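Novice: got a sequence here, can you model it:
(4 chains)
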Number of protein chains: 4
Amino acid sequence: MSDVSDWWRTAIIDMEPGRISLRGRPVQELIGTTGFAPMIWLMVTGDEISGPRADLFEAALVAAVDHGPQAPSIAAARMAATCGVGLQSAMATGLNMLGDVHGGAGEQAVELYSAVDAAGFDRLGETLDAWRAAQGRYLPGFGHRFHKPVDPRAPRLLALVRDAARQGAVSGRFAQIASAIESHLAAERGKPVPMNIDGATAVIYAELGCPAPLARGFFGLSRSVGILAHAWEQRQQGGRNKGPTPPAYRWTYDGT
Amino acid sequence: MSDVSDWWRTAIIDMEPGRISLRGRPVQELIGTTGFAPMIWLMVTGDEISGPRADLFEAALVAAVDHGPQAPSIAAARMAATCGVGLQSAMATGLNMLGDVHGGAGEQAVELYSAVDAAGFDRLGETLDAWRAAQGRYLPGFGHRFHKPVDPRAPRLLALVRDAARQGAVSGRFAQIASAIESHLAAERGKPVPMNIDGATAVIYAELGCPAPLARGFFGLSRSVGILAHAWEQRQQGGRNKGPTPPAYRWTYDGT
Amino acid sequence: MSDVSDWWRTAIIDMEPGRISLRGRPVQELIGTTGFAPMIWLMVTGDEISGPRADLFEAALVAAVDHGPQAPSIAAARMAATCGVGLQSAMATGLNMLGDVHGGAGEQAVELYSAVDAAGFDRLGETLDAWRAAQGRYLPGFGHRFHKPVDPRAPRLLALVRDAARQGAVSGRFAQIASAIESHLAAERGKPVPMNIDGATAVIYAELGCPAPLARGFFGLSRSVGILAHAWEQRQQGGRNKGPTPPAYRWTYDGT
Amino acid sequence: MSDVSDWWRTAIIDMEPGRISLRGRPVQELIGTTGFAPMIWLMVTGDEISGPRADLFEAALVAAVDHGPQAPSIAAARMAATCGVGLQSAMATGLNMLGDVHGGAGEQAVELYSAVDAAGFDRLGETLDAWRAAQGRYLPGFGHRFHKPVDPRAPRLLALVRDAARQGAVSGRFAQIASAIESHLAAERGKPVPMNIDGATAVIYAELGCPAPLARGFFGLSRSVGILAHAWEQRQQGGRNKGPTPPAYRWTYDGT
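Specialist: Residues are numbered from 1 along each chain as shown, chains lettered A, B, ... in the order given. Model prediction:
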């Protein structure tokens, strides 16, 4: 149309009065025939997903919805819900905290698995050492300060990946890589370093061929569910300007 | 445990090392057996949803994912994606804009339908007049500056509600109310005032017995999909500090 | 220039290559000659402020910078600073929580004072009763769950307003109104209901002729200072995914 | 007090009922005696600032308040102001966009100047080459797509630094480094590559001994002023769901 319209070009949505097309498909044909998870995949990647692959994606989204009010994102959303802002604003507050540390491990784990895959299985130890030399001592997706010896979400997700691999829907290669890393770490430390939710969902995203940054984006959609649930529960519980601890505790002043 | 633990009480999630229970159900049993949409409903409302009711909820979530880059939430998320922030931060930027005007109509429409329902069908005109006297001239959920004479999402969603009502899954009462409002407005103005996406999804949320504020919360989850899709597309398109218009245009200075 | 440029018209800033003018004044003339507080006033209101009026504005900004880590905005910013996001993102997280309840009392107090002013001093009791009948039992700007019997910021700010009134820089009318409300409440309850920081800064904003919503905007600028200070201190303290309470406490599950 | 209180330890603020102390000073002594800019410095760094050093800090804050509605942060805040959210929420939306690309150059420029300083003046070319090899072709703080050949804020700020150096308040070393980089780039490219606002304010922050990340934090405080001014102006202009371009333009669909 014009340089102004071109400034906002997109392949996601097309519209005329009375017509909306999403990824080339009329919206009224998608409504009622497409599940929410496949719709997410379609919108974000531009591709359709179905069958066992769609089931894996759905499982990854379901698995990561919540980890309780001690997660800073959840706590912040609950506090925001008592400050006199809209529910969507409380959600944004929580979502905005899913940064490199709080929600970034899934993205990094996809990158790690891809690095192992590229270097070859037999060079696993070297690849992990190189990663840690460059990025720091934590391997993304492994270890949990709370769920020991096992994060119950991980083996369940991995089992689903192996089922899908048996059906030929995915290669299963990244499940093998992740399990090998888990074994390698256990041998190295002499105790279990369990795969966590980020490591397990990253297996699914890698199996589905999803670019690493989208692992964080999809995690954001998933965790937004828990954020909304908690913000809404808090609003029903009431409270005004809820702080992190009961008011009687205050903080410790350590200045001079 | 203690007053400190009680400060953060919740009925959503329970945890011990190695065990996570969501709404009373072990997470590993939910993974792989529960769709993402029913999981959203379970987490937020505490209830299970299935069959035609789950299909309606899924349809509402699918229908509202996107309305293009002229929506301020989408535009802002795309701009944010060029500013050097994480993808989750770009998503939060968009989500945070779904306020009373941009994303609040669904919540308000549920309230409007409930008011009509409470006053009785035969007093429709009076109820609408009273609403407008109190809240302003726009009735939430009706009218669209772009989709004329029909927003293609609305009739499709309403047809799904009527199907579900025929199966006895919902009452169908709020679909009737919304259609009656649409007819009333058309007669009043002498031209169509089409039900929009907020009005149509509000019918579903009202039929499902969902509290009005959750209509905004669920809309936030739904629109977050489009926000992520656009932020990701923008990141792939590239750009640095993308402004609202091509750089050559600048703005009009109207000071003295 | 064009409809596109007109879409973004503003009286705040004018630019050409090599030239920037803010509120009609070349930026290089403002730099080094204008304090930050007067610059804020100039940018936001379009007017210059100087002398005792500027001092009052500066005092209001200084007084509200922080109220400690139990304030949800501060706590959330500190938690965000451990989640792997940029400092500006942690600041935005805190700022976003200054809603109707957490940061809105200043705006509401300006409205309350204006209502008392409009109705006349001799009808104070009726005006307060009418306000509470319409808005709820708390009068904005009065009472503090912690600072009893006196919030030390309030008498200091009020004294500055009275000094400025003596110099003829402001009328002093709103200081009288606020003090009268404080006395009225103390008589009503039989104990002090101290003016808090929102009530005291609202006196200054009302004396300066500032529209009520800007009281919240200016409070946002002021509190952003504390938010930044705390986010930065937290980053130096370190920590990863800091939750609201020490990890050992967890939360209380109250589901069935 | 307890492990719970210790979880939130801080040297910034101490409180008891009726007493507030900021960085060890009673709040009522700071109000009316301390300017807003020195208060910012005190809160964030823990140190007092006064005289020519305070003037430099104030100049840096004043210089960066705004760059017009084509900056994504400003555009987003203006759009948010039409979406039915509070003013603080519109501010947070803008602030949240000041990421590595949009607002991070100040932080990066402080790092660049420090690298040049550490390597020694006579190795300027090598240091710049090494930086670009590691970080990409843009040197932070230099070049502007709009202000050519000179950003009017930069020479003014540099002149103030040189004045302060003449008075012995700062070393002036970083002003020399920045000017040398500017000359080096001009020679290299055969045309001016002007120091921009990030490069110039970074000189001040480096001269004041401010850690690099705070350059971004202080920029956030400064730009929040423009964000508030624009959000407020937009609210007065009105509009509902303001998009990036006039509604008639729409976007270009480039899908298949």
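
Novice: which element, helix or strand, includes A:Ala154?
Specialist: According to DSSP states H and E, A:Ala154 maps onto helix A:153-166.

Novice: go on, A:Leu185?
Specialist: Judged by DSSP H and E, A:Leu185 forms part of helix A:173-189.

Novice: that helix: what's the following helix or strand?
Specialist: Next element after helix A:173-189 (DSSP H and E): helix A:197-207.

Novice: could you give the angle of that next one to helix A:173-189?
Specialist: Interaxial angle of helix A:197-207 relative to helix A:173-189 (axes from the mean of the first three to the mean of the last three CA atoms, to 10 degrees): 150 degrees.

Novice: around chain C, pick out the residues from the stretch 51-200 of chain A.
Specialist: Within the stretch 51-200 of chain A, the positions lying close to chain C (CB under 8 Å from any CB of the partner chain) are A:68-73, A:75-76, A:79-80, A:82-85, A:89, A:92-93, A:96-104, A:145-146. No exception for glycine: its C-beta is placed from N, CA and C like everyone else's.

Novice: is chain B contacted by the helix holding A:Leu185?
Specialist: No - between helix A:173-189 and chain B, judged by CB under 8 Å from any CB, nothing touches; the nearest distance is 14.5 Å.

Novice: just checking, what packs against that helix?
Specialist: Using 3 or more CB pairs under 8 Å, 6 or more residues apart in numbering or on different chains; DSSP states H and E, the elements in contact with helix A:173-189 are helix A:105-119, helix A:124-135, helix A:153-166, helix A:197-207.

Novice: so which of those helices is nearest A:Ile40?
Specialist: Closest approach to A:Ile40 among the helices and strands packed on helix A:173-189 (CB to CB): helix A:197-207, 12.5 Å.

Novice: give me the angle between that closest one and helix A:153-166.
Specialist: Using the same axes, to 10 degrees: helix A:197-207 against helix A:153-166 is 10 degrees.

Novice: buried sites along stretch A:104-118?
Specialist: Across stretch A:104-118, burial judged by 16 or more other CB atoms under 10 Å in any protein chain shown covers A:104-114, A:116-117.

Novice: got it, and stretch A:159-170?
Specialist: Buried, per 16+ other CB under 10 Å, within stretch A:159-170: A:160-161, A:163-165, A:169-170.

Novice: now these in JSON lines, with pLDDT and distance to C:Pro246?
Specialist: Shown next, in JSON lines, are these (pLDDT from 0 to 100; distance: CB to CB, whole Å):
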{"residue": "A:Leu160", "pLDDT": "98", "distance to C:Pro246": "35"}
{"residue": "A:Val161", "pLDDT": "98", "distance to C:Pro246": "36"}
{"residue": "A:Asp163", "pLDDT": "97", "distance to C:Pro246": "40"}
{"residue": "A:Ala164", "pLDDT": "98", "distance to C:Pro246": "41"}
{"residue": "A:Ala165", "pLDDT": "98", "distance to C:Pro246": "42"}
{"residue": "A:Ala169", "pLDDT": "97", "distance to C:Pro246": "44"}
{"residue": "A:Val170", "pLDDT": "98", "distance to C:Pro246": "41"}
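
Novice: returning to that earlier point: what is the nearest of the buried residues of stretch A:104-118 to A:Gln28?
Specialist: Closest to A:Gln28, out of all of the buried residues of stretch A:104-118 and judged by CB to CB, is A:Gly106, at 33.9 Å.

Novice: so that closest one touches A:Val203, yeah?
Specialist: No - if you go by CB atoms under 8 Å, A:Gly106 and A:Val203 don't touch, sitting 9.9 Å apart.

Novice: quick one: mean pLDDT for stretch A:249-256?
Specialist: Computed over stretch A:249-256, the mean pLDDT rounds to 93.

Novice: for it, C-alpha coordinates in PDB please.
Specialist: Provided in PDB are the C-alpha atoms of stretch A:249-256 (Å, rounded to 0.1, in the frame of the first residue of the first chain):
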ATOM      1  CA  TYR A 249       8.700  -8.900  60.500                       C
ATOM      2  CA  ARG A 250      10.100  -5.900  58.700                       C
ATOM      3  CA  TRP A 251      13.600  -6.000  57.300                       C
ATOM      4  CA  THR A 252      17.100  -6.000  58.800                       C
ATOM      5  CA  TYR A 253      18.900  -2.700  58.400                       C
ATOM      6  CA  ASP A 254      22.600  -3.400  57.800                       C
ATOM      7  CA  GLY A 255      23.900   0.100  57.100                       C
ATOM      8  CA  THR A 256      26.300   1.900  59.200                       C
END
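
Novice: so which bits of chain A are right by chain D?
Specialist: A:1-2, A:4-15, A:23-24, A:85-86, A:89, A:96, A:244-245, A:249-256.

Novice: are any of these buried, and if so which?
Specialist: Buried among these (16+ other CB under 10 Å): A:4-5, A:7-8, A:10-15, A:23, A:85-86, A:89, A:96, A:244-245, A:249-253.

Novice: rewinding a little: can you sort out which of the buried residues of stretch A:159-170 also neighbour chain B?
Specialist: A:Leu160.

Novice: out of the buried residues of stretch A:159-170, who's nearest B:Ser224?
Specialist: Among the buried residues of stretch A:159-170, and counting by CB to CB, the member closest to B:Ser224 is A:Leu160, at 24.6 Å.

Novice: which SS class is A:Arg223?
Specialist: At A:Arg223 the chain is in helix, as set by DSSP: H, G, I helix; E, B strand; the rest coil.

Novice: the residue at minimal distance from the centre of chain A: what's it in contact with?
Specialist: Nearest residue to the geometric centre of chain A (CA atoms, centre = their mean): A:Phe219, 2.1 Å. With contact set as CB atoms under 8 Å, 6 or more residues apart in numbering or on different chains, A:Phe219 has these partners: A:64, A:98, A:103, A:106, A:198, A:201, B:88.
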